[in-house]
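Asks: turn this into a structure:
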Amino acid sequence: MFRRAASTRGPWRASLGRSLRLLREFRYEQPDPARFYTALADDSVQQLSQYAELAGRSVLDVGGGPGYFRDAFRAEGASYFALDADVGELSGLGDIASGTVIGSGMQLPFADDAVDLTYSSNVLEHVEKPWQMAEEMVRVTRPGGVVFISYTVWFGPWGGHETAPWHYLGGRYARARYARKHGVQPKNKFGESLFKVTVRDGVEWARAQQGAEVVDLTPRYNPRWSRWLMFVPGVREVATWNLAIVLRKK
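Replies: Down below sits the predicted model:
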């Protein structure tokens with residue numbers, strides 16, 4: 001059984017200061033992705049360390065990308081494996097690293113109970129069948145292991161990604177408007193590589209699934225004191241930004 005463990009990188013708190021720091025870093029996602037993703041990976045590993053000890057554990061990162069999360073997890077002593085569907089995304093830091101598997105999150109090429117922890121950051125909204133992917137993550141996690149899933153919620157300010165805030169008028173409208181303005185399709189194409197996933201969807205799935213107990217449902221980037229927003233339908237869809245679902249495999 002895992003125990004709650006502090007990160008070797010220092011104490012982590014879901015404070016207002018931490019939320020403001022992350023908000024500042026979001027400005028660098030396009031002009032300086034290394035800065036943005038390094039900061040996000042570091043924060044993510046520290047957050048996950050509140051639920052499970054990472055040193056000596058095997059971690060499967062579903063949608064790991066070019067390697068920023070790999071470096072952060074390995075710095076904590078974890079054995080890191082990543083799955084990605086896009087070779088182009090993986091080439092961002094050069095050669096594809098060992099321990100990386102190309103495949104579908106909706107059909108993970110791993111045996112049942114294969115790893116200690118499964119992790120996914122901002123991937124679920126890009127998957128056509130998000131809750132099938134979530135079920136797959138539970139399946140490959142060992143009993144007693146932790147499943148951490150976070151995703152950008154559709155009705156949050158960044159729900160449309162680079163097409164925001166026009167996604168509030170509809171995903172297809174926002175996609176078409178972006179193409180007209182920029183002369184190219186957005187990277188995140190609604191209906192193809194971007195889908196509408198809500199807070200309500202995540203809460204209902206977490207409570208209905210049978211393979212794991214729910215450890216936490218929390219706004220990932222918000223201060224801890226704002227967690228009450230999770231229990232106000234409607235408001236939670238706009239104010240949450242990103243939902244983190246934390247489970248422990250039965």
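
Asks: which element follows the longest helix along the chain toward the C-terminus?
Replies: Longest helix of the chain, by residue count under DSSP state H: helix 33-48. Proceeding N to C from helix 33-48, the next assigned helix or strand is strand 58-62, under DSSP states H and E.

Asks: how many neighbours does R227 have?
Replies: When neighbours are counted by other Cβ atoms under 10 Å, R227 registers 15. C-beta: built from backbone N, CA, C; applies to glycine.

Asks: would you state the strands of this protein in chain order?
Replies: 58-62, 79-84, 100-102, 115-121, 141-152, 212-219, 242-249 (DSSP state E).

Asks: who touches the last one?
Replies: When you say that, I think you mean strand 242-249. Contacts with strand 242-249, where a contact means Cβ atoms under 8 Å, 6 or more residues apart in numbering, come from 2, 47, 51, 113, 122, 134, 138, 141-153, 156, 199, 202-203, 205-206, 209, 211-221.

Asks: you'd agree A41 is up against D71?
Replies: Yes. A41 is within contact range of D71, at 7.0 Å (criterion: Cβ atoms under 8 Å).

Asks: returning to that earlier point: now the buried members of the contacts of strand 242-249.
Replies: 2, 47, 51, 122, 134, 138, 141-142, 145-153, 156, 199, 202-203, 205-206, 209, 212, 215, 217-221 (16 or more other Cβ atoms under 10 Å).

Asks: for this protein, give me the ranges with low pLDDT.
Replies: Within the chain, the stretches with pLDDT under 70 are 1-11, 86-98.

Asks: still on that earlier bit, so for A41 and D71, which sits in the more crowded spot?
Replies: A41 (22 against 16).

Asks: list the contacts for the more buried one?
Replies: Counting by Cβ under 8 Å, 6+ apart, A41 touches 68-69, 71-72.
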